[in-house]
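Novice: kindly generate the corresponding structure for this input.
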Amino acid sequence: MKTEYDIIIIGGGMVGASLVAALKNHADKKIAVVEAYAFNSASQPSFDDRSIALSYGSRRIWESMGLWEKLEPEIEAIKSIHVSDRGHLGATRITDEEEKVEALGYVVENRVMGRVLMGEVESLNHVDWYYPATIEALEQSDSQVTVRIKTEQDEKILLAKLLVAADGVQSVTRQLAGLDVTCEDYKQSAIIANVKTDQPHQRIAYERFTDSGPIAFLPMTENRYSVVWTCEQNETQRIMQLADHEFISELQQRFGYRAGNIEKVGERFSYPLAYTETEQLTKGRVVVIGNAAHALHPVSGQGYNLALRDVAELAEMIVKNEDPGHPLLLAEYHAKRLQDMRRVYRITDTMVKVFSNNIAALGHLRASGLIAINLMSPLRSLMARQSMGLLGRMNKLQRRLSL
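Specialist: Numbering: from 1, shown residues only. Next up is the predicted model:
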């Protein structure tokens with residue numbers, strides 16, 4: 001038995017659910033979402049206890065989707081950013097006042113975003129959810145995509161004009177479509193935890209570069225910080241196994257005391273860091289978005305923000321075209337998204353390689369660069385606008401316009 005749709009989305013996590021939310025008012029587009037985890041499952045990695053840094057540009061997209069008011073009560077604003085390099089003088093400070101925005105960004109727990117997103121999309125009449133389910137096979141013709149999915153009960157055949165791969169960095173859909181990726185292992189891991197210090201965070205975000213990688217302290221609700229500690233991969237297991245007081249002591253020594261004395265630490269998570277880029281974003285009637293298209297180092301906090309710009313661009317193209325998967329339309333999507341993606345790739349990759357080493361001469365050069373950026377407001381503003389996702393062309397949702 002075959003079921004026909006306009007769009008099939010493989011992956012109902014943060015990115016896939018965001019695309020459904022962007023299309024919530026367009027009931028003429030029949031959508032299927034194939035998700036590997038049970039609905040609202042605590043094991044869904046997109047919606048766990050980790051936190052995400054939302055850029056100001058992402059706020060504008062969420063406003064356009066009519067979701068910001070539901071999210072805002074449970075987030076913390078970033079009013080200023082302090083960037084420094086351990087062992088060297090010089091720092092850069094960016095403020096929301098200077099950039100004339102309500103905030104430079106926001107910090108929100110994944111589970112909060114998950115609750116808001118799923119509460120918005122779970123009862124949409126034009127969306128069918130298949131979960132837990134996985135894609136097993138994919139075929140394309142000039143006019144449609146056919147996928148075979150496996151559920152707990154049986155197998156089903158779904159047909160659509162467009163297939164969206166939003167199933168993460170190890171995307172099975174991308175592999176089945178025959179899309180190649182470029183990968184680079186950074187030989188680093190990110191250790192993530194929430195901490196509490198003895199000083200109010202005053203909505204300041206800290207990015208501190210060390211010889212083993214950057215450490216970010218991002219302000220959260222209840223006067224907590226979300227910490228992203230980048231370390232060498234061969235150190236990960238040792239750090240993860242430290243007792244809480246030992247972990248706090250080592251983190252304090254690496255980061256310093258700008259945020260005060262660390263008093264408490266919550267549950268820790270870790271994952272290896274690599275750069276993955278899909279060389280072609282589309283093939284036939286298949287398009288890849290989010291981590292399936294680009295997995296980044298967390299140094300610049302751009303992962304979900306870049307993915308949300310994918311969502312905004314794709315949603316705009318879908319609603320204004322009767323055939324959302326036409327290859328010429330997807331070629332246009334590829335062209336529009338490539339410049340933004342490549343710019344973020346270059347900035348992130350350069351930051352990792354320049355700031356994650358202990359070469360003395362390079363350390364002095366880094367310090368001089370931070371001082372120069374701090375002294376020159378045009379450079380500082382350029383850095384801020386990139387961080388906020390406000391560089392380059394803007395689609396409708398980025399401009400706070402409805403689709």
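Novice: do a quick rundown of the strands in the stretch 101-250 of the chain.
Specialist: Counting by DSSP state E, counting those that start in this stretch, the stretch 101-250 of the chain has strands at residues 105-109, 127-130, 133-140, 145-151, 155-165, 181-197, 204-210, 213-219, 224-232.
Novice: for R385, find the nearest of those.
Specialist: The closest of those to R385 is strand 105-109. By CB to CB, the value is 12.0 Å. For glycine as for every other residue, the C-beta is placed from the backbone atoms N, C-alpha and C.
Novice: that older thread, redo the strands of the stretch 101-250 of the chain as a markdown table? Include mean neighbour count and distance to I61.
Specialist: A markdown table is the format used below for those (neighbours: other CB atoms under 10 Å; distance: least, CB to CB, whole Å):
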| stretch | mean neighbour count | distance to I61 |
| --- | --- | --- |
| strand 105-109 | 23 | 12 |
| strand 127-130 | 19 | 19 |
| strand 133-140 | 17 | 27 |
| strand 145-151 | 18 | 27 |
| strand 155-165 | 23 | 17 |
| strand 181-197 | 18 | 24 |
| strand 204-210 | 22 | 20 |
| strand 213-219 | 24 | 20 |
| strand 224-232 | 23 | 21 |
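Novice: can you give me the helices for this structure?
Specialist: 14-22, 56-64, 68-71, 96-99, 110-121, 172-177, 236-240, 244-255, 303-319, 327-355, 360-375, 377-387 (DSSP state H).
Novice: what angle do the last one and strand 204-210 make?
Specialist: Going by axes from the mean of the first three to the mean of the last three CA atoms, to 10 degrees, helix 377-387 is angled at 100 degrees with respect to strand 204-210.
Novice: start and end of stretch 73-83, how far apart?
Specialist: 27 Å (CA to CA, to the nearest Å).
Novice: mind checking how far stretch 304-320 is from the chain centre?
Specialist: 13 Å (CA atoms, centre = their mean, to the nearest Å).
Novice: then that stretch to PDB, C-alphas only?
Specialist: Taking C-alpha atoms only, stretch 304-320 is exported to PDB below (Å, rounded to 0.1, in the frame of the first residue of the first chain):
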ATOM      1  CA  TYR A 304      21.200  25.100  14.700                       C
ATOM      2  CA  ASN A 305      21.200  28.800  13.600                       C
ATOM      3  CA  LEU A 306      22.700  27.800  10.200                       C
ATOM      4  CA  ALA A 307      20.200  24.900  10.000                       C
ATOM      5  CA  LEU A 308      17.300  27.300  10.800                       C
ATOM      6  CA  ARG A 309      18.300  29.500   7.900                       C
ATOM      7  CA  ASP A 310      18.200  26.300   5.700                       C
ATOM      8  CA  VAL A 311      14.600  25.800   7.000                       C
ATOM      9  CA  ALA A 312      13.600  29.400   6.400                       C
ATOM     10  CA  GLU A 313      14.900  29.400   2.800                       C
ATOM     11  CA  LEU A 314      13.400  26.000   2.000                       C
ATOM     12  CA  ALA A 315      10.000  26.700   3.500                       C
ATOM     13  CA  GLU A 316       9.700  29.900   1.500                       C
ATOM     14  CA  MET A 317      10.400  28.100  -1.700                       C
ATOM     15  CA  ILE A 318       8.000  25.200  -0.800                       C
ATOM     16  CA  VAL A 319       5.000  27.500  -0.200                       C
ATOM     17  CA  LYS A 320       5.200  29.400  -3.400                       C
END
